[in-house]
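Trainee: Got a sequence here, can you model it:
(4 chains)
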Protein chains: 4
Amino acid sequence: MKVGVIGGSGYTGGELLRLLVNHPDAEIVAVASRTFKDKPISAVHLHLSKILDMRFEDISAGEIAKRSDIVFTAVPHKAAMGHVPELLAQGTKVVDLSADYRLSYDVYETTYGITHTDRGRKAVYGLPELHRDEIKRANLVANPGCYPTGAILAAAPLVKAGEVSRVVFDSKTGVSGAGMIPSEITHYPNVAENVAPYQVTKHRHLPEIVQELAVLGKCKIHFTPHIIPAIRGILTTAHIFVKREMSREEVVESYQKMYADETFVRILDEMPSLGAVRGSNFCDIGCFEVEGDRIVVVSAIDNMVKGASGQAIQNMNIMFGLDEKAGLLMPGVAP
Amino acid sequence: MKVGVIGGSGYTGGELLRLLVNHPDAEIVAVASRTFKDKPISAVHLHLSKILDMRFEDISAGEIAKRSDIVFTAVPHKAAMGHVPELLAQGTKVVDLSADYRLSYDVYETTYGITHTDRGRKAVYGLPELHRDEIKRANLVANPGCYPTGAILAAAPLVKAGEVSRVVFDSKTGVSGAGMIPSEITHYPNVAENVAPYQVTKHRHLPEIVQELAVLGKCKIHFTPHIIPAIRGILTTAHIFVKREMSREEVVESYQKMYADETFVRILDEMPSLGAVRGSNFCDIGCFEVEGDRIVVVSAIDNMVKGASGQAIQNMNIMFGLDEKAGLLMPGVAP
Amino acid sequence: MKVGVIGGSGYTGGELLRLLVNHPDAEIVAVASRTFKDKPISAVHLHLSKILDMRFEDISAGEIAKRSDIVFTAVPHKAAMGHVPELLAQGTKVVDLSADYRLSYDVYETTYGITHTDRGRKAVYGLPELHRDEIKRANLVANPGCYPTGAILAAAPLVKAGEVSRVVFDSKTGVSGAGMIPSEITHYPNVAENVAPYQVTKHRHLPEIVQELAVLGKCKIHFTPHIIPAIRGILTTAHIFVKREMSREEVVESYQKMYADETFVRILDEMPSLGAVRGSNFCDIGCFEVEGDRIVVVSAIDNMVKGASGQAIQNMNIMFGLDEKAGLLMPGVAP
Amino acid sequence: MKVGVIGGSGYTGGELLRLLVNHPDAEIVAVASRTFKDKPISAVHLHLSKILDMRFEDISAGEIAKRSDIVFTAVPHKAAMGHVPELLAQGTKVVDLSADYRLSYDVYETTYGITHTDRGRKAVYGLPELHRDEIKRANLVANPGCYPTGAILAAAPLVKAGEVSRVVFDSKTGVSGAGMIPSEITHYPNVAENVAPYQVTKHRHLPEIVQELAVLGKCKIHFTPHIIPAIRGILTTAHIFVKREMSREEVVESYQKMYADETFVRILDEMPSLGAVRGSNFCDIGCFEVEGDRIVVVSAIDNMVKGASGQAIQNMNIMFGLDEKAGLLMPGVAP
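Mentor: Sure, this is the predicted structure:
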């Protein structure tokens, strides 16, 4: 299977390449980057030296589509909608890692404050645990945001069971989520020895969480993200308020049942930790402590893998009828 | 004023000494430690080299009381109640940094699972912002826990106003709160690049928070602590649910009003950060974002200073009628 | 190929398992641990959940040898020499990750202060870049220490060329090198925001470096290790003093030449970084700045992979005539 | 004493203010910043909230000189030489924290690649341990660089004794040394879990070290800096090569003797650590291990205090005949 990547020089682009070089069925045929045109990919992604001997190309979406069975668009929101129509027009399948096709178009425009130039395009929200069958038939998959992946999976079983009145997602993310471009937010002296709440009620990922959980059941959703001194990983503490008191066993069972056939969701007896999922495609879920009407569920993912590029490849595997685990069954890099 | 410290070799003991050496009215007369008997204090607390030229002594509570106007007990819970009666019997005032005198005795015994051997002793909960007048007259002050200090101050104005139905305190602490003894919890590879929820519904500091906020108003309290990769500091994200919707201005005003005369509480326009309070006695409070019936308030303290030894000295200042700020008005060490 | 691991519960044992589960030719048949007998491996190594469904066994060396074509001994020094004779007696090949067979027996006894109970045993020092042919024929390979791997590779080309008079290896290591057991050295508040020199002239890895470089050429060797706030990785700054001044080009050429056919040594134009090798089996070498008679060469490895378990598997591949890269060609997990 | 600060919005400016607010003899009268004109200082330096209630002013050097007995220029090199002549012309004393007056003018121009517009101005290199008497009489003190402070003090006694042939300074610095402006170098994912050598033979601080040690004795100097994951602090590992072998006792004695009357240099039995000096004006020196002709000496400073603003205040104290320790005798913030 021939794979193209648009936006190969950023963090999620680099992560796609890191995972694809060991994918048994994928061949990277083109990596587009205007900024780094003609430069060896390994000059930007040092970790790919001696593994991926290719150069960035400054090529159009049309051209990359011609060479590829599937293209990943790993570009910022707004940029993606500029490429996707042409890619699809060429008959290439697309997994878009940006936010451009995740939300209903009205919600998107409100949330991101821009006009969508490809409104009406049909896309599937690429969370395999909720939408596997649709993904199988999709030409365009909107890869979920990093926070929504960890948050939705942490609450889905209870929401689906109709037990939940309200959830407070208090999420803690590593800094790589902010991307490769230095800023005050990523400035080491601001990050280290600190934990920084931001966009505490209005983060752009909130509408994604709301949209997906609303399908499963009715409840109020709150979401507050924080940046912690870590490179990778998102740990989400879900404070789930339920309508009737439940036992721990009952709770755990609902998670085990919903995720029984899911390779990449692990229900743990232990507390999830970022080390156990680092570099891997797993979403670890655990804790399940009950305190009256509050249940605390904790999820951990690598924001770059299950929260972005790994999930994108999982979607690719599903879209092409490959083994869903292909190229993705590596353990976390712990410690 | 002559000051003695029992338990001078641990983190809070060291922090007391760090602050006391620059206190204009305090003279350290004795520092007790059985383990480090006769060793120079600066051999354990390297940072006090050339500043505090004393040795640890293995002396009884009675003896240290004779030499001191005030004694700080910086020992673990259960140990403190073994010293306090004798100290008070000698007429010395005491600030106890352990948990032994913070709670009603019944709640204490349930929470800590031990029998209190000094039941009935009258002590004042040493949070100056709530109990200043009682502290003035107290012989025994129970210095608050680190988490309760940041949590209570973050919610007090709204709880007092009768507006609150429920609070979820999601707290993030530096590792020094776990003390000087190495353990799996403080093992670098377990801490770094991670954030670790623990005792998510049953932490021993929960009853303190409940006790103090109950005096101000009726509401449900939840508390979930996490360890982050930081040495010092506690940042608490208080998700406060209110009975009626309030404007941001109304919220901020209630905080400004309650803390108008408090030197060590700063109401910020900016988001609090651990750097701004590092090494200082301030509790910074900010955020105040409103989302329907949820208000997000964030507090930041140094767990070793306002969360322990600094507050203990603030209590000493109040008990002896000194300037409450004496020895404590240093800025945070930022960045 | 059937693989056994003695000492599977520690960091290097866990890392062996992490790498072996994706090795195309290896089947893990037994993992010995007395402490964790009968426990699921994934209870200790959370990151192996859903990937390695086995339990620790408390079995003898003899028994594990019967089941295995090769056994890795991932136990502390002194313990290894208790297992190795029995393993070899059964005809199993062995890669020992401890220090027990790395040094001449006299130097070993002086360095480690213990009597060697298996003196005279023939072992090959398992640094493939220097001893590939001997490894091919070996039944017992002594896997190199983490520091020596990075240090030797950083200086070998110039030492071999007879140009070097003296080298000062100033090494910086992540904390995982200190193992899984908490101690003052690994206590987060001691590690974070610090860099700790230790055993600055007498580290046990010095004789290994001396032994291996002495084979290549005559020069004085100094070695000073430091612990930095990082989980994984060793970066070595080699201050190499040469007998005659050389140009940068000449230096780089000597490295490119010596390592031309080495998959796991990468000569970089950029400065090596720990991120680029994290989780991978590469040794990145770069810098090559010349200042009169001093040449600065920098190497970076993951201490757990090329510095331990990855190299052990590389040795296994060589011993069994497999593709040397099998199971090891994954990129670093960057960022 | 009235104090002005030019360049008050950066890290060293903020650190000057942090220290000056607790200085018994100093009154801050003006803080200049064009960028933050009219903004409250505490809006930039949150840690000064409720402590320093002043605003930045956009005023000329002349005007600030009129109000001040002494002015600190905490601006980048090249900018300082634009202010200093006017400040001195007004009769104000100046401590310049930039590099503009540290080196002989020829060396300066070569090192910094710019023409000095105030050549010939007489300035004293403000390392009190070497130049106290000249500082007393100086109107213009060139405050030393951060690296040179730690490096020079670590080697001075042995160099002065004529024992040294060569020194390799391998220094490790916290990120604050790179300043407040975000860049790739300070980007968290590049710093964390890494250690980054840079300008390994050509750092601009090398000529300072050479200049100052050359006065004490003749020897070859090498200097290689690294950035470690820490906010503050510089730990320097000095590999000192001596002409004749010396005993540890002899070495230690030479340090104790030279620094016997120095308040801010502490000769330790223990290994120096960054925690013990964090936020303080001390330079801790220890290790002193001897290995043939190599002696390893380790120094630790806070780059922002003894390495910049604290030393600047120490210089001010000397210039004005105040107690040299005034406002500077706070212990390190450890842990």
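Trainee: now the strands for the stretch 51-200 of chain A?
Mentor: A:70-73, A:93-96, A:124-125, A:140-142, A:164-173, A:196-197 (DSSP state E, counting those that start in this stretch).
Trainee: Output the contacting helices and strands for the second one.
Mentor: Contact here means 3 or more Cβ pairs under 8 Å, 6 or more residues apart in numbering or on different chains; DSSP states H and E; on that basis strand A:93-96 packs against strand A:70-73, helix A:80-89, strand A:140-142, helix A:310-319. All C-beta spots, glycine's among them, are computed from the backbone N, C-alpha and C.
Trainee: among the strands of the stretch 51-200 of chain A, which is the most enclosed?
Mentor: Comparing those by mean neighbour count (mean count of other Cβ atoms under 10 Å in any protein chain shown), strand A:70-73 comes out on top with a mean of 28.
Trainee: one step back: and B:His239, which of the strands of the stretch 51-200 of chain A is closest to it?
Mentor: Taking Cβ to Cβ, strand A:164-173 is the member of these nearest to B:His239, at 5.1 Å.
Trainee: Let me see the domain layout of chain A.
Mentor: Domain assignment for chain A, taken from automatic domain parsing, gives A:2-121, A:146-302.
Trainee: Tell me which of those domains sits nearest to D:Gly82.
Mentor: Nearest to D:Gly82, of those and by Cβ to Cβ, is domain A:146-302 at 27.4 Å.
Trainee: which one of the helices and strands packed on strand A:93-96 lies closest to chain D?
Mentor: helix A:310-319 (17.7 Å; Cβ to the nearest Cβ).
Trainee: need the contact list for the nearest residue to A:Lys93 once chain neighbours are set aside.
Mentor: Of all residues not flanking A:Lys93 in the chain, A:Ile70 sits nearest, at 4.6 Å (Cβ to Cβ, 6 or more residues apart in numbering or on different chains). Neighbouring residues of A:Ile70 by Cβ atoms under 8 Å, 6 or more residues apart in numbering or on different chains: A:Met1, A:Lys2, A:Val3, A:Gly4, A:Thr92, A:Lys93, A:Val94, A:Val95, A:Met316, A:Met319, A:Phe320.
Trainee: tell me the angle the host helix or strand of A:Thr236 makes with strand A:164-173.
Mentor: If you go by DSSP states H and E, A:Thr236 is part of strand A:234-242. Taking axes from the mean of the first three to the mean of the last three Cα atoms, to 10 degrees, one finds strand A:234-242 and strand A:164-173 inclined to each other by 170 degrees.
Trainee: Show the average pLDDT along the helix or strand that comes right after strand A:234-242.
Mentor: For strand A:234-242, the succeeding helix or strand toward the C-terminus, using DSSP H and E, is helix A:248-258. Mean per-residue pLDDT for helix A:248-258: 98.
Trainee: Would you mind pulling the contact partners of helix A:248-258?
Mentor: Counting by Cβ under 8 Å, 6+ apart, residues outside helix A:248-258 touching it are A:Ala156, A:Pro157, A:Leu158, A:Lys160, A:Ala161, A:Ile267, A:Ile285, A:Phe288, A:Glu289, A:Val290, A:Ile295, A:Val297.
Trainee: Buried residues of that helix, list them for me.
Mentor: A:Val251, A:Val252, A:Ser254, A:Tyr255, A:Met258 (16 or more other Cβ atoms under 10 Å in any protein chain shown).
Trainee: now these as JSON lines including distance to D:Leu48?
Mentor: Formatted as JSON lines, the buried residues of helix A:248-258 follow (distance: Cβ to Cβ, whole Å):
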{"residue": "A:Val251", "distance to D:Leu48": "48"}
{"residue": "A:Val252", "distance to D:Leu48": "50"}
{"residue": "A:Ser254", "distance to D:Leu48": "51"}
{"residue": "A:Tyr255", "distance to D:Leu48": "48"}
{"residue": "A:Met258", "distance to D:Leu48": "52"}
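Trainee: and of these, the nearest to chain B?
Mentor: Looking across the buried residues of helix A:248-258 and measuring by Cβ to the nearest Cβ, the closest to chain B is A:Val251, at 12.8 Å.
Trainee: in which helix or strand would I find A:Ile285?
Mentor: Going by DSSP H and E, A:Ile285 is part of strand A:283-291.
Trainee: quick one: is that strand near chain B?
Mentor: Yes - using Cβ under 8 Å from any Cβ of the partner chain, strand A:283-291 reaches chain B at A:Cys287, A:Glu289, A:Val290, A:Glu291.
Trainee: For chain A, just list every one of the helices.
Mentor: Per DSSP state H, chain A carries helices over the ranges A:11-20, A:41-44, A:61-67, A:80-89, A:105-112, A:128-137, A:146-160, A:188-191, A:206-216, A:248-258, A:274-277, A:310-319.
Trainee: quick one: which of those is nearest D:Ile227?
Mentor: helix A:188-191 (8.9 Å).
Trainee: which residues touch the closest one?
Mentor: Contact with helix A:188-191 is made by A:175, A:184-185, A:196, A:227, A:229, B:273, B:275, B:335, D:11, D:175-176, D:180, D:186-188, D:191-192, D:229, D:231, as judged by Cβ under 8 Å, 6+ apart.
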